[in-house]
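Engineer: Give the three-dimensional model of this entry:
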Amino acid sequence: MMNENDLDAVTRNCEKAQNRIGKAYEIARYHVYELAYLLSDAALDREKTLGEEFFAAYKEVRRRLYSAEGSQTAPHSELAGALASFCSAVCDICAERGGPLSPVELAETESEPENSKIAYMRNSVSDEAYRIFSTAVKNASVVYPESFAAVCEEVYYGRTGYCILPYETSEESTLSGFTRLIRKYELCPNMVCSVPTEQGVTRFVLLGRGQYASAYSVRCKRRYLRTTVFAAEQAAFSRLCGVAGELKAVIRKTESIPVAWNDGRYAITVTFELPDSAISPFLLYLALEMPECDGTAVYAEL
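Structural biologist: The predicted structure is shown next:
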């Protein structure tokens, strides 16, 4: 049986170990910051977007970063922590040096559509969704197509700038038919809202032909980042989730979707809720480490 002296000795040893770990962590963070400062030089040379020189510079930084962590066989948590700290440091340093990395240039963002018409199938619930979204769309007006497919076609062919679809209910969860329409017509979510109904809550999405800057700037309850991961390597997805956790992003939803060009293979669409401060570092991580991700979009909940 352990006596009080043994317990005191174990406690002291634990404290010493924690101090050593803390010092090692601070040293590691210092070296990560040094590497981030070097990469920020390449980032600040850009005119409007990150160019080939930036990504070439990252290849060397990445080699050193992984080497500093003890190779790619290091635990996912260590690599995720280093990568999250690195991306955050790059964004912070660029901002301090007068060349902030904005989400608009890190993602494939389009200018706001000149056509501010919004298409949707009219009923009392979707009318309320339109009322909410129209507060965030300047000079919004409305058209009422006769089918949900026609609603999507209005945006796809440029006759309207936006459309509204229901995509989830509190009773049935994801409405897969509408998800298929969104993929078929290559629409991008920009904002979402929830409308109470007699049966519970229906969630609606405001879609466009691309990602618009308003998704990053509009005042909202919370913001989400959604991306589809095709990587077959399990470690890549684990690191993605680890980096998200380090950046205070929380997984809110995951979905498996079939890969059209490879029978029997599935991709994972994952949605994170994240603070505004994490958007640029997270998008930078995806650009540097997971460029194969598809359909990455940031959208706001009104």
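Engineer: Specify the local secondary structure of the closest residue to Arg209 other than its chain neighbours.
Structural biologist: Leaving out its chain neighbours, the residue that sits closest to Arg209 by CB to CB, 6 or more residues apart in numbering is Val155, at 5.9 Å. C-beta here means a position set from N, CA and C on the backbone, and glycine is covered the same way. On the three-state scheme (DSSP: H, G, I helix; E, B strand; the rest coil), Val155 is labelled helix.
Engineer: what's the distance between Val155 and Ser280?
Structural biologist: 28 Å (CB to CB, to the nearest Å).
Engineer: my guess is Asp294 contacts Thr227, does it?
Structural biologist: Yes - using CB atoms under 8 Å, Asp294 makes contact with Thr227 at a distance of 7.4 Å.
Engineer: in the stretch 101-250 of the chain, which segments are predicted with low confidence?
Structural biologist: The stretch 101-250 of the chain contains residues with pLDDT under 70 at 231-234.
Engineer: Which parts of it are strands?
Structural biologist: Taking DSSP state E, counting those that start in this stretch as the test, the strands found in the stretch 101-250 of the chain are 109-110, 117-119, 141-143, 162-169, 173-174, 188-197, 200-208, 211-212, 222-229, 250-258.
Engineer: want to throw the ones you listed into CSV with distance to Cys91 and mean neighbour count?
Structural biologist: CSV is the format used below for the strands of the stretch 101-250 of the chain (distance: least, CB to CB, whole Å; neighbours: other CB atoms under 10 Å):
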stretch, distance to Cys91, mean neighbour count
strand 109-110, 17, 16
strand 117-119, 34, 22
strand 141-143, 38, 14
strand 162-169, 30, 22
strand 173-174, 32, 12
strand 188-197, 23, 20
strand 200-208, 26, 21
strand 211-212, 19, 23
strand 222-229, 15, 20
strand 250-258, 20, 13
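Engineer: Quick one: closest of those strands to Ala287.
Structural biologist: Using CB to CB as the measure, strand 222-229 is the one of those that comes nearest Ala287, at 11.3 Å.
Engineer: Not counting its neighbours along the chain, what's nearest Ala215?
Structural biologist: Residue nearest to Ala215 in three dimensions, not counting chain neighbours: Asn190, with 4.6 Å by CB to CB, 6+ apart.
Engineer: and the closest residue to Ala244 other than its chain neighbours, how far is that from Leu286?
Structural biologist: Nearest residue to Ala244, sequence neighbours excluded (CB to CB, 6+ apart): Phe272, at 5.3 Å. Counting by CB to CB, the gap from Phe272 to Leu286 is 11 Å.
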